[in-house]
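Q: Sequence first, predicted coordinates after that:
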Amino acid sequence: DTVPAPRPGGDAMGAPERSRHRRFVPRRRCAHECQARRQLEDGARRIAALHTDRPAPDRADKMGLYGWLVGRWEMDTAVYDDNGAKQTGRGEVHAGWVLEGRAIQDVWILPGTFYGTTLRVYDPGLDAWHILWSDPVRQYYARQTGRARGNDIVQDGKNDAGDTIRWSFTEITPNSFRWR
């Protein structure tokens with residue numbers, strides 16, 4: 001076999017010459033790479049990419065645990081601060097199917113108290129839901145696992161400070177629910 005002669009200013013393959021005293025270490029690449037270009041699009045197209053109108057067919061039966069939440073809700077609330085002081089108010093919840101129907105995202109709005117979003121993703125391997133709450137106004141974040149417990153839904157987990165938390169949906173009907 002013959003080896004091609006080096007090209008001027010480089011090796012046989014055209015790569016630049018390297019110093020004899022420096023060892024060449026190839027750059028590591030991550031397993032996933034993406035190059036993206038911003039596309040201008042109208043709001044309807046952007047929303048259509050995020051939302052869908054039904055659960056994914058491959059897990060529709062399991063999506064029902066939170067599927068009843070999809071829609072617009074008005075809420076009456078009582079929130080207690082760290083000192084036990086009670087604050088009441090009226091707010092709203094908006095929920096919909098996202099990620100091709102493999103998750104539910106909701107936005108909880110209680111003016112002056114919180115404005116956050118939950119992403120609820122069903123995990124077939126766990127037969128449970130990953131619950132991710134983010135409230136950028138108060139900088140409060142929580143991660144939980146949600147499961148049915150009788151007619152209720154119980155979410156256990158930790159907040160960003162590492163404190164154990166439990167949130168529950170009870171008294172669930174087509175037109176109302178209690179959350180605590």
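A: Received it, and whenever you're ready, just let me know what you need.

Q: Any figure for the gap between Asp152 and Trp97?
A: Taking CB to CB, to the nearest Å as the measure, Asp152 falls 22 Å from Trp97. In this view, the C-beta of every residue, glycine as well, is placed from N, C-alpha and C.

Q: more crowded one of the two?
A: More crowded of Asp152 and Trp97, by other CB atoms under 10 Å: Trp97, with 20 against 14.

Q: Could you check how far that one is from Asn83?
A: For Trp97 relative to Asn83 (CB to CB), the value is 39 Å.

Q: One more: Lys158?
A: In this view, Lys158 and Asn83 are 23 Å apart by CB to CB.

Q: out of those two, which sits in the busier spot?
A: The neighbour comparison of Lys158 against Asn83 (other CB under 10 Å) goes to Lys158, with 13 against 5.

Q: any idea which helix or strand carries the more buried one?
A: Following DSSP states H and E, one finds Lys158 within strand 152-159.

Q: That strand: what's the following helix or strand?
A: Counting by DSSP H and E, the next helix or strand C-terminal to strand 152-159 is strand 164-170.

Q: Mind listing what's buried along that next one?
A: Trp167, Phe169 (16 or more other CB atoms under 10 Å).

Q: which strands and helices sit next to that strand?
A: Judged by 3 or more CB pairs under 8 Å, 6 or more residues apart in numbering; DSSP states H and E, strand 164-170 is in contact with strand 140-149, strand 152-159, strand 178-179.

Q: 6 Å instead, please
A: strand 152-159 (3 or more CB pairs under 6 Å, 6 or more residues apart in numbering; DSSP states H and E).

Q: which stretches of this protein aren't confidently modelled?
A: Applying pLDDT under 70 to the chain picks out residues 1-49.

Q: can you give me the helices in it?
A: Ranges of helices within the chain are 43-50, 60-67, based on DSSP state H.

Q: how close does the residue nearest in space to the middle of the chain get to Trp133?
A: Geometric centre of the chain, nearest residue: Leu119, 4.4 Å, by CA atoms, centre = their mean. In this view, Leu119 and Trp133 are 8 Å apart by CB to CB.
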